[in-house]
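Q: For reference, the sequence and a predicted model appear below.
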Amino acid sequence: MQNCTMLAVEMTGLVIAIIVIAGVVVGLAGLWLAQFVTGKSRLRLAEEKAKQIVEESKTQAKNTIRTAEMESKEEIFKRREKFERETTQMRNELRETERHLTKREDTLDRKWDNANNKERSLEKREKRFSAREQELANKDSQLSNTLSEQRAKLLQIAGISPDEAKEMLLGRIESEVSHEASALIERTVGTAKEEADRRSREIVLNAIQRYAADHTCDNTVSTVDIPSDDMKGRVIGREGRNIRAFEKATGVDVIIDDTPGVVVVSAFDPIRREVARQSLEKLIQDGRIHPARIEEIVAEIQKEVEANILEMGKKVVLETNVNGLNNRLLPYLGRLYYRTSYGQSVMRHSVEVAFLAQAMADELGLDGTKARRCGLLHDIGKAADHEIEGGHPAIGADIAKRLGEKQDVINAIAGHHGDVAPTSVYTPLVAAADAMSASRPGARRETLERYIKRLENLEAIATSFSGTKNAYAIQAGREIRVIVDPEKVNDEAAWQIARNIAKKVEDELTYPGEVKVTLLREVRCVEYAR
């Protein structure tokens, strides 16, 4: 019985063990099946995702190819359009060149025909002259024979030698011709001078009366008032950093000396000087003076000055009523407001020259509008002569040419000081108006050195002629008085010397207005009664 019980227990344990093992096997099989199903699902998801990525890549590649094709087509279109534009421009230029060449060829043909006609006319005239010359040679031969016979008879009658007769005849002819030449010169010069003075006086007086300008010149101020000497220290800054920053930002020199209440701003460029002056005044009013504030104020003032320059250019164009100017000329005209010449404002001088040239053109029956345009632009080169090398007439002519002005205006600008030959009737008008504006009283100031040099040159020219003893330049160089030796110069020769001195002054000197030459020949008779 006990054995049966133990056997039953062992059987029960064996069954339990079998059941446990079967459970473990079933669990492992279920786990393996679950992993197999999960792996298969992941593999399917991965394949789907891969297919999706491939499809997206294909779509993106197609879009990229399509975008590249569109960009390339657009680039090809732009280049083709640019090529067609350049081709059209070159074709137009070639057509214009061909037109100019055709026109020039026609002109050359006409000139060639005129030259041929003149040549034929000259040949005919030469033949006539040859015949006339032969005829005159025959008559000259007959006259020489007649004169020889008469000379022989005269010598026989007078009883003198041919050399003595020649000396007597030449002396008499020289005396008569000298007297008649001096009288003719005096009479001709007097008549011509009276007529020229009358006509020029009418034109000039009419022009000046029609345009009444101020007789005072503008003066460029280069000093800035400061409230106290403490402000000088603030302008200088610690170890000079403020003044260095100010000079670097404005491009000027700031001079601070012992003069109370004044700071001097020095610069060759008037625009820079004006920017520096206004900037320094604003900094002193503001009181905050340091490098950052200096740069801020200078940039602000520069914009204000540039705007003011453009506004001044518009005002002067409106004042003179000059239409059709290129907008890029307006800043050049505005800069002339800050430019001075011998103390005279170049802008006001240009306006005055414009109206004077118009008035004289109207008197002469010319186009007053074109003369006014030439006068306004004649000194435009002074707005850029600080930046470009060369004289202001050449600089101004180049600017006007680049900005579309016509040849008459360009020649008036380039030739108003005689640098180039005048090819337009308006060039001498502008030169005359320029001289009138510059030489009127109070218009300009001349330096002492140039003034003394001009007087010395006048006196040197006068004393360079034979027979002159002394010469004195008076009336600020507007008159030269010459004293001659009465024993070497007679009354007739005195007129000739005065004329020669005036001619030499015209050829060698540059001066405003005119110079009067007064020649004095004094004879003193001294006797003593004892």
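A: Okay, I see it. Residues are numbered from 1 along each chain as shown.

Q: where's Glu492 relative to Arg110, distance?
A: Going from Glu492 to Arg110 by C-beta to C-beta, to the nearest Å gives 52 Å. The way it works is simple: take the backbone N, C-alpha and C, and place the C-beta from them, glycine included.

Q: With neighbour numbers in mind, choose between these two.
A: A count of neighbours by other C-beta atoms under 10 Å puts Glu492 above the other of Glu492 and Arg110, at 16 against 10.

Q: Where does that one sit, in terms of helix or strand?
A: Take DSSP states H and E as the rule and Glu492 turns out to sit in helix 491-508.

Q: elements contacting that helix?
A: Contact here means 3 or more C-beta pairs under 8 Å, 6 or more residues apart in numbering; DSSP states H and E; on that basis helix 491-508 packs against helix 162-210, helix 448-463, strand 479-484, strand 516-520.

Q: would Val523 count as being in a strand?
A: No - read with DSSP: H, G, I helix; E, B strand; the rest coil, Val523 is coil and lies in no strand.

Q: Least reliable of the helices and strands packed on helix 491-508 by average pLDDT, please.
A: Per-stretch mean pLDDT for the helices and strands packed on helix 491-508 is lowest at helix 162-210 (a mean of 65).

Q: and the closest residue to Asp367 other than its chain neighbours, what does it touch?
A: Nearest residue to Asp367 in three dimensions, chain neighbours excluded: Ala361, at 6.4 Å (C-beta to C-beta, 6 or more residues apart in numbering). By C-beta atoms under 8 Å, 6 or more residues apart in numbering, the residues touching Ala361 are 367-368, 370-372, 426, 429.

Q: What of Leu519?
A: 481-482, 484, 494-495, 497-498, 501.

Q: about what we covered before: what's the spacing between the helix holding Glu492 and its chain's center?
A: Relative to its parent chain, helix 491-508 has a centroid offset of 38 Å by C-alpha atoms, centre = their mean, to the nearest Å.

Q: Can I get it as CSV, trimmed to CA atoms?
A: Output of helix 491-508 as CSV, limited to C-alpha atoms (Å, rounded to 0.1, in the frame of the first residue of the first chain):
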residue,chain,number,x,y,z
ASP,A,491,55.1,164.9,-82.6
GLU,A,492,54.3,162.6,-85.5
ALA,A,493,56.4,159.7,-84.1
ALA,A,494,54.8,160.2,-80.6
TRP,A,495,51.5,158.9,-82.0
GLN,A,496,53.1,155.9,-83.6
ILE,A,497,54.9,155.0,-80.3
ALA,A,498,51.6,155.3,-78.3
ARG,A,499,49.9,153.0,-80.8
ASN,A,500,52.7,150.5,-80.6
ILE,A,501,52.7,150.4,-76.8
ALA,A,502,48.9,149.8,-76.8
LYS,A,503,49.3,147.0,-79.3
LYS,A,504,52.1,145.3,-77.3
VAL,A,505,50.0,145.6,-74.1
GLU,A,506,47.0,143.9,-75.9
ASP,A,507,49.3,141.1,-77.2
GLU,A,508,51.3,140.3,-74.1
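
Q: Which positions in it come out as buried?
A: When burial is assessed from 16 or more other C-beta atoms under 10 Å, helix 491-508 yields the following buried residues: 492-499, 501-502, 505.

Q: Look up how far Phe36 lies from the closest residue to Glu405 other than its chain neighbours.
A: Excluding the flanking residues, the one nearest Glu405 by C-beta to C-beta, 6+ apart is Leu377, at 7.1 Å. As judged by C-beta to C-beta, Leu377 and Phe36 stand 99 Å apart.

Q: Can you pick out the residue with more neighbours from those two?
A: Legend: neighbour count by other C-beta under 10 Å for Leu377 and Phe36, higher for Leu377 (28 against 10).

Q: mind listing what that one touches?
A: 329, 350, 396, 400, 405, 409, 412-413.

Q: quick one: which of those sit in strands?
A: Among the contacts of Leu377, the subset assigned to strands under DSSP state E is empty.

Q: Let's see if you can find the most crowded of the residues you listed.
A: Result: Ala412 is most packed of the contacts of Leu377 (other C-beta under 10 Å), 33 neighbours.

Q: you'd agree that one is up against Val425?
A: No - Ala412 is beyond contact range of Val425, at 9.6 Å (criterion: C-beta atoms under 8 Å).

Q: In PDB, could you pull the C-alpha coordinates for stretch 256-265?
A: This file holds the C-alpha atoms of stretch 256-265, laid out as PDB (Å, rounded to 0.1, in the frame of the first residue of the first chain):
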ATOM      1  CA  ILE A 256      42.700 126.200 -32.700                       C
ATOM      2  CA  ASP A 257      45.000 129.000 -31.500                       C
ATOM      3  CA  ASP A 258      44.900 131.700 -28.800                       C
ATOM      4  CA  THR A 259      42.300 133.800 -30.600                       C
ATOM      5  CA  PRO A 260      39.400 134.000 -28.200                       C
ATOM      6  CA  GLY A 261      36.000 132.800 -29.300                       C
ATOM      7  CA  VAL A 262      37.100 131.500 -32.700                       C
ATOM      8  CA  VAL A 263      38.000 128.200 -34.300                       C
ATOM      9  CA  VAL A 264      39.300 128.200 -37.900                       C
ATOM     10  CA  VAL A 265      38.300 125.600 -40.400                       C
END
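
Q: Which helix or strand lies directly C-terminal to the helix or strand bottoming out on mean pLDDT in the chain?
A: Within the chain, no helix or strand scores below helix 162-210, which has a mean of 65 by mean pLDDT, DSSP states H and E. Using DSSP H and E, the helix or strand that follows helix 162-210 towards the C-terminus is strand 223-225.

Q: Quickly run through the sheet partners of that following strand, with directions.
A: strand 262-266 (antiparallel) (DSSP bridges).

Q: just to revisit the earlier point, farthest pair in the contacts of Leu519?
A: Within the contacts of Leu519, Arg481 and Trp495 form the most distant pair, 15.5 Å apart (C-beta to C-beta).

Q: which secondary structure elements does the top helix by length along the chain contact?
A: In terms of residue count, the longest helix belonging to the chain (DSSP state H) is helix 2-158. Where contact means 3+ C-beta pairs under 8 Å, 6+ apart, helix 2-158 is packed against helix 162-210.

Q: before we move on, back to that, quick one: mean pLDDT for the host helix or strand of the residue nearest to Asp367?
A: According to DSSP H and E, Ala361 maps onto helix 346-363. Mean per-residue pLDDT for helix 346-363: 87.
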